[in-house]
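S.K.: prediction below, plus the sequence it came from.
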Amino acid sequence: MTTLEKVKALDDFKALRLFRHIEMEMVQKAKADLPDIIDNLPDAVKNMPEMRQLDQVSEEKFVEPLQQEFAVKLARQSLELMAKNPDTVDYLKDKLENWNDNEMVAGTILALGGALSAVMIMSTFRVSYNKADGWEFNLGASKDNQSETIKTIFEALFKVLKPGRTLGF
């Protein structure tokens, strides 16, 4: 079974929990400033008006939890993006094979800011492994790699940032 097939076989709860785990790990391990990350985004995303207006969004908006249905769609689409991306597929494959979700929770809260950060990181970083340091995140992912899919994910996230806008991909 391929990594993409394994992702598609995850139930909604497991997909959301896995994405949340990856989101937290990526944010902790990615050592780059936001301007550097944004500079490495695909041009189609970097040039979106909403991207240039991120600094105008109130901080409270970034900690708001996403609605469950939207969070699951975002998690699935992001995991599928990682499964198709040569810069992240090995990392995702390892997580699918070795990560154990030991928490017994009824739901998973995914905050808007965390989701946005994770999608930025997975869109701009190469993930590699070495025995001394484990998984390493380095700026420099292929800018053309699935830029339309990345743009679609960002468009959906930016809709959430605007009051009164509906959610959806």
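M.R.: Now that the structure is in, tell me what you want to look at.
S.K.: could you find the closest non-adjacent residue to the residue most central in space within the chain?
M.R.: Central residue of the chain (C-alpha atoms, centre = their mean): V119, 3.0 Å from the mean position. With sequence-adjacent residues excluded and distances taken as C-beta to C-beta, 6 or more residues apart in numbering, V119 is closest to I153, at 5.3 Å. (Each C-beta comes from the backbone N, C-alpha and C, glycine too.)
S.K.: the one you found touches L81, doesn't it?
M.R.: Yes - assessed by C-beta atoms under 8 Å, I153 is found in contact with L81 at 7.1 Å.
S.K.: give me the three-state assignment for the residue located most distally from the centre of the chain.
M.R.: What lies farthest from the middle of the chain is A132; by C-alpha atoms, centre = their mean that is 25.7 Å. For A132, the secondary-structure state derived from DSSP: H, G, I helix; E, B strand; the rest coil is coil.
S.K.: mind checking pLDDT for it?
M.R.: A132 carries a pLDDT value of 75.
S.K.: how about it, phi and psi?
M.R.: Backbone torsions for A132, taken as degrees, to the nearest 10, come to phi -70, psi -40.
S.K.: where's it relative to M24, distance?
M.R.: 23 Å (C-beta to C-beta, to the nearest Å).
S.K.: same question for E59.
M.R.: To M24, E59 is 19 Å away according to C-beta to C-beta.
S.K.: more neighbours, the two?
M.R.: Neighbour tally, E59 and M24, criterion other C-beta atoms under 10 Å: the higher count belongs to M24, 13 against 7.
S.K.: which SSE is that one in?
M.R.: Per DSSP states H and E, M24 falls inside helix 12-29.
S.K.: which SSE is immediately downstream of that helix?
M.R.: Downstream of helix 12-29, the first helix or strand assigned by DSSP H and E is helix 34-39.
S.K.: what about the strands in the protein?
M.R.: Along the chain, counting by DSSP state E, strands occupy 125-130, 134-139.
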